[in-house]
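[1] Sharing a model prediction with you, sequence too.
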Amino acid sequence: MHKLREMHACFTLLLMWSAVVSFSDPDLPIPPAGMYDTIPLPLQTAIPSDTIHSLQEVVIRAYEAQKPWMQEAAPVAVLNTAQLTRYSQASILPAMNTVAGIRMEQRSPSSYRLNIRGSSIRAPFGVREVNIYYNDIPLTSPGGDTYLNQLDVADFGQIQVIKGPAASVYGSGIGGVMLIQSPLAANATGNPAVEQKGLQHIQLQYEAGSYQTHHIIAQGSWGSATHLQYAHYNFFRSEGYRHHTASWQHSASYESLWKPNTHRQADVWIHYNHLYYQTPGGLTLNEMLQNPRMARPASGPYPSADSAHAAIDQQNFIAGFSLSNQLSTELQNRSAVYFSYTDLSNPTFRNVEYRKEPHMGVRTVMQYVHNLSNSKLTATAGTEWQQGFFSIVDYGNSNGKPDTLQTRYRETLLRGIVFAQADVDFPTGWSVTAGISLQRNAMSFYQYDPKPYKVWNLDFQNNWSPRLAILKTLFHEQMAVYVNISRGFSPPTLSELLPSTNILNTTLKPESGYNYELGWKGYALRQRLRWEINAYLFDLEQSISQQRDSSGADYFINAGHTRQPGLETSITYQLVNHTSGILPQTTVMSNLALTRYTYQGYAPLGHDYTGHRIPGVSPFTWVNELQCRWNASFSASLLWNHTQAIPLNDANTAYSRTYNLVDMSLHYMHTVFHRQPIEIYAGINNLLNQLYSLGDDVNAAGGRYYNPAPARNYYAGIRWMWK
């Protein structure tokens with residue numbers, strides 16, 4: 001522990017020194033062109049949101065190193081603005097679910113789960129097991145939870161997702177890492193037009209849909225090439241498909257990006273969100289077949305969702321500052337500090353809970369790039385430190401109002417990691433990456449009620465997480481094969497140690513295990529065809545499994561050893577790469593995920609579930625997409641998602657329904673009044689009117705597994721851009 005503190009102190013001093021030096025010395029050498037390139041994206045206002053791009057090489061920044069997609073020895077998915085806004089503007093969920101190995105779920109409006117390779121088994125709600133960053137600022141709290149629903153579609157410029165354990169650079173987490181770039185950062189970095197002239201645009205958008213859904217977005221960018229600013233406001237309201245699923249949201253963001261020269265950049269981001277959504281609760285299979293739009297009825301001593309006024313009222317505020325300094329031609333520093341506060345109230349079937357979650361943190365990364373003859377060495381080292389001071393108070397629920405005080409806790413949370421990585425690119429097409437991190441997660445629980453006063457201290461520390469990756473490019477860098485071995489480590493989150501049962505579980509142990517992965521990716525047919533195939537095996541010890549009691553409250557137990565093999569394929573083919581007569585520019589995409597996750601040596605209460613499939617993970621998911629574009633004005637997209645039946649309990653006696661989800665969208669853009677684009681779009685979700693659940697409650701008591709998703713529904717919108 002003393003070593004961790006000493007290393008953290010050294011990195012903090014280094015951060016302060018680099019900031020002072022770089023801003024006081026304007027004559028620092030400029031790095032060679034291309035050394036720190038990022039993905040050049042077109043201006044958001046210059047093209048329709050569904051423009052089909054050529055299958056060109058992109059540069060990603062996974063594992064803190066800039067690399068072309070072909071040379072990154074890891075499964076990394078990239079989603080840009082065009083992909084995120086191709087369908088309804090209400091959510092990024094359709095776009096996320098096009099990626100093999102990712103299943104973004106929605107139990108009720110705005111209640112999202114992000115499942116990367118089965119990670120949502122531990123997440124009855126919210127996002128766990130995935131570390132999320134926004135412009136280098138950690139969105140994941142020191143308690144291990146992330147409020148992804150605090151962000152609106154307008155907050156996303158680009159998303160990069162690392163699938164599988166990435167602890168060697170990003171700390172604890174079994175599922176993976178999501179790296180989000182803001183629209184300003186995604187459009188401004190590496191775009192010559194922005195770097196020379198700056199940004200000047202205003203965009204207004206309105207979308208209406210089924211179930212009295214209304215969505216308004218107002219956003220604008222302004223400034224010069226050296227100082228860019230961006231602001232947006234979002235309002236969303238819907239009555240929802242099921243009874244007791246009304247929701248509304250107000251959110252606003254402001255970002256200021258200062259880039260006085262080519263070797264330094266400072267960014268300030270401020271975000272506020274107020275979200276309210278009702279939670280209808282899970283249904284049994286008979287209830288869903290009888291009336292999928294109903295909310296959970298009263299059962300035994302527990303009230304209905306309606307009479308309990310079950311809902312989430314959530315306010316989020318976050319302010320972050322990030323700084324990038326090119327200290328010399330070979331040395332760079334990127335650092336970020338932030339403060340975040342969440343205020344949440346949650347009437348449920350058994351209680352009314354109030355949470356206050358202030359936390360703060362810092363992340364700093366030093367990177368050294370040096371050419372060794374014909375080879376290139378990239379050495380990276382850094383630290384991330386977070387501190388939180390949370391409070392949780394629970395009362396009895398009397399028709400949605402707080403009644404008798406049940407429990408009152410205060411928590412002090414500490415999360416710290418130090419990491420180092422070396423990356424060597426050889427002239428023969430070989431590259432080797434080796435990294436390791438040391439992390440600590442400490443939590444102190446102070447119980448004020450019920451009496452007597454008690455204190456528990458939990459400390460998960462000295463957990464080394466190594467990673468080794470080897471890649472070889474072939475056929476003039478048109479394809480590559482790689483091996484990736486990494487250790488994942490994930491301590492219990494705050495919500496798992498103190499779940500909705502209000503019973504603190506101090507016996508819960510961290511998960512850990514090794515992931516072995518083999519990948520093959522490449523281009524062919526003059527880069528009109530692109531593919532990636534990943535086969536992996538993840539052996540996990542002390543796997544954490546979710547259980548539910550009769551009230552619907554969740555609790556967690558260690559499920560022993562689990563074996564998680566999987567296969568993911570992703571193929572994109574540009575069938576027609578130019579408009580010719582009646583033939584549109586056409587691209588097809590097909591993504592496939594196969595899994596067979598099973599328990600090994602798991603026997604709770606005398607029931608041996610060895611060999612049983614882990615609930616909540618589909619064994620077969622196949623997503624196909626067709627994109628067509630006629631000239632610069634009209635385009636159409638068709639998306640088909642086939643998801644095989646998912647086991648819903650440990651005994652594998654209950655399964656979800658296999659479904660085929662088809663979405664379609666049409667976009668038309670016309671320029672008026674001196675190059676001011678107006679875009680009109682419309683779409684249909686669930687075209688085949690499937691009865692399915694997009695977010696199941698696994699191991700639910702009484703068979704209340706199902707949260708029916710909306711039937712066939714429609715939307716239409718208009719977007720006006722001034723520049």
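    It's in.
[2] Show the contacting residues for the residue positioned nearest the centre of the chain.
    The central residue of the chain, meaning the one whose C-alpha is nearest the mean C-alpha position (C-alpha atoms, centre = their mean), is residue 178 at 4.5 Å. With contacts taken as C-beta atoms under 8 Å, 6 or more residues apart in numbering, residue 178 has the following neighbours: 114, 130-133, 159-162. From N, CA and C alone the C-beta is placed, and that goes for glycine too.
[3] which stretch of helix or strand covers it?
    For residue 178, the element it lies in under DSSP states H and E is strand 176-181.
[4] Contacts only, for residue 135.
    Residues in contact with residue 135 (C-beta under 8 Å, 6+ apart) are 180-182, 185, 267, 269, 320, 322, 336.
[5] what do you get if the cut-off is 10 Å, keeping everything else the same?
    Under the criterion of C-beta atoms under 10 Å, 6 or more residues apart in numbering, the neighbours of residue 135 are 157, 179-182, 184-186, 255, 257, 267-269, 320-322, 336, 338.
[6] now do residue 688
    640, 659-662, 712.
[7] What is the distance between the very next helix or strand once past the strand holding residue 178 and the centre of its chain?
    Past strand 176-181, further along toward the C-terminus, the next helix or strand under DSSP H and E is helix 183-188. In this view, helix 183-188 has its centroid 18 Å away from the chain centroid, taken as C-alpha atoms, centre = their mean, to the nearest Å.
[8] Pull the number of nearby residues for residue 301.
    9 (other C-beta atoms under 10 Å).
[9] That one contacts residue 350, correct?
    Yes. In this structure, residue 301 sits in contact with residue 350. The criterion is C-beta atoms under 10 Å, and the distance is 9.1 Å.
[10] ranges for the helices of the stretch 51-200 of the chain?
    Ranges of helices within the stretch 51-200 of the chain are 81-84, 93-96, 167-170, 183-188, 192-197, based on DSSP state H, counting those that start in this stretch.
[11] Over to the stretch 401-550 of the chain?
    Along the stretch 401-550 of the chain, counting by DSSP H, counting those that start in this stretch, helices occupy 494-497.
[12] where in it is pLDDT low?
    Residues of the stretch 401-550 of the chain meeting the criterion pLDDT under 70: 462, 500, 548-550.
[13] For it, just list every one of the strands.
    Secondary structure of the stretch 401-550 of the chain, counting by DSSP state E, counting those that start in this stretch: strands at 401-425, 430-449, 454-474, 479-490, 511-524, 529-541, 544-548.
[14] Comparing those, which stretch has the densest surroundings?
    The highest mean neighbour count among these belongs to strand 544-548 (a mean of 22), with neighbours defined as mean count of other C-beta atoms under 10 Å.
[15] re earlier: starting at the chain centroid, how far to the strand holding residue 178?
    In terms of C-alpha atoms, centre = their mean, the gap separating the centre of strand 176-181 from the centre of its chain is 6 Å.
[16] got the angle between that strand and strand 479-490?
    Orientation of strand 176-181 against strand 479-490 (axes from the mean of the first three to the mean of the last three C-alpha atoms, to 10 degrees) gives an angle of 110 degrees.
[17] Give the residue spans of the stretch 601-723 of the chain that score low on pLDDT.
    The stretch 601-723 of the chain contains no residues with pLDDT under 70.
[18] helix or strand for residue 385, which one?
    Element membership for residue 385, per DSSP H and E: strand 375-398.
[19] so how far is that strand off the chain centroid?
    The chain centroid and the centroid of strand 375-398 are separated by 15 Å under C-alpha atoms, centre = their mean.
[20] got the contact list for the nearest residue to residue 488 once chain neighbours are set aside?
    Residue nearest to residue 488 in three dimensions, not counting chain neighbours: residue 165, with 3.0 Å by C-beta to C-beta, 6 or more residues apart in numbering. Listed by C-beta under 10 Å, 6+ apart, the contact partners of residue 165 are 117, 172-177, 465, 467, 484-490, 512-515, 517, 538, 540.
[21] what about 6 Å?
    486, 488, 515 (C-beta atoms under 6 Å, 6 or more residues apart in numbering).
[22] And it, what's its pLDDT?
    Looking at residue 165, its pLDDT reads 87.
[23] Can you pull the phi/psi pair for it?
    When quoted as degrees, to the nearest 10, the phi and psi of residue 165 stand at phi -60, psi 130.
[24] Ok, residue 245 next?
    For residue 245, the backbone dihedrals are phi -130, psi 30 (criterion: degrees, to the nearest 10).
[25] my guess is it meets residue 111, correct?
    No. With contacts defined as C-beta atoms under 6 Å, residue 245 does not count as touching residue 111, sitting 9.6 Å away.
[26] which of these two has more neighbours?
    In this view residue 245 and residue 111 are compared by other C-beta under 10 Å, and residue 245 has more residues nearby, 24 against 21.
[27] one step back: want to throw the contacts of residue 165 into JSON lines with distance to residue 498?
    Below are the contacts of residue 165 laid out as JSON lines (distance: C-beta to C-beta, whole Å):
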{"residue": "486", "distance to residue 498": "29"}
{"residue": "488", "distance to residue 498": "23"}
{"residue": "515", "distance to residue 498": "29"}
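[28] Closest to residue 545 out of those residues?
    Residue 545 has its nearest neighbour among the contacts of residue 165 in residue 488, at 16.3 Å by C-beta to C-beta.
[29] do you know how far that closest one is from residue 536?
    12 Å (C-beta to C-beta, to the nearest Å).
[30] got the end-to-end distance for stretch 417-437?
    Start and end residues of stretch 417-437 are separated by 7 Å (C-alpha to C-alpha, to the nearest Å).
[31] Just the buried residues of stretch 302-319, please?
    Of the residues in stretch 302-319, those with enough neighbours to count as buried (16 or more other C-beta atoms under 10 Å) are 302-312, 314-319.
[32] Could you pick out which of these are located in helices?
    Within the buried residues of stretch 302-319, membership in helices is found for 305-308, as judged by DSSP state H.
[33] Let me have these in TSV, adding pLDDT as columns.
    Putting those into TSV (pLDDT from 0 to 100) gives the following:
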residue	pLDDT
305	93
306	93
307	93
308	93
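[34] Could you export the residues you listed to a markdown table, including columns for distance to residue 386?
    As requested, these are arranged in a markdown table below (distance: C-beta to C-beta, whole Å):
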| residue | distance to residue 386 |
| --- | --- |
| 305 | 35 |
| 306 | 38 |
| 307 | 39 |
| 308 | 34 |
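[35] Can you tell me which of those lies closest to residue 480?
    Sorting those by distance to residue 480 puts residue 305 at the head of the list, at 50.9 Å, by C-beta to C-beta.
[36] List the residues that contact the closest residue to residue 271 other than its chain neighbours.
    Nearest residue to residue 271, sequence neighbours excluded (C-beta to C-beta, 6+ apart): residue 253, at 4.6 Å. If a contact means C-beta under 6 Å, 6+ apart, then residue 253 has 155, 232, 271 as its contacts.
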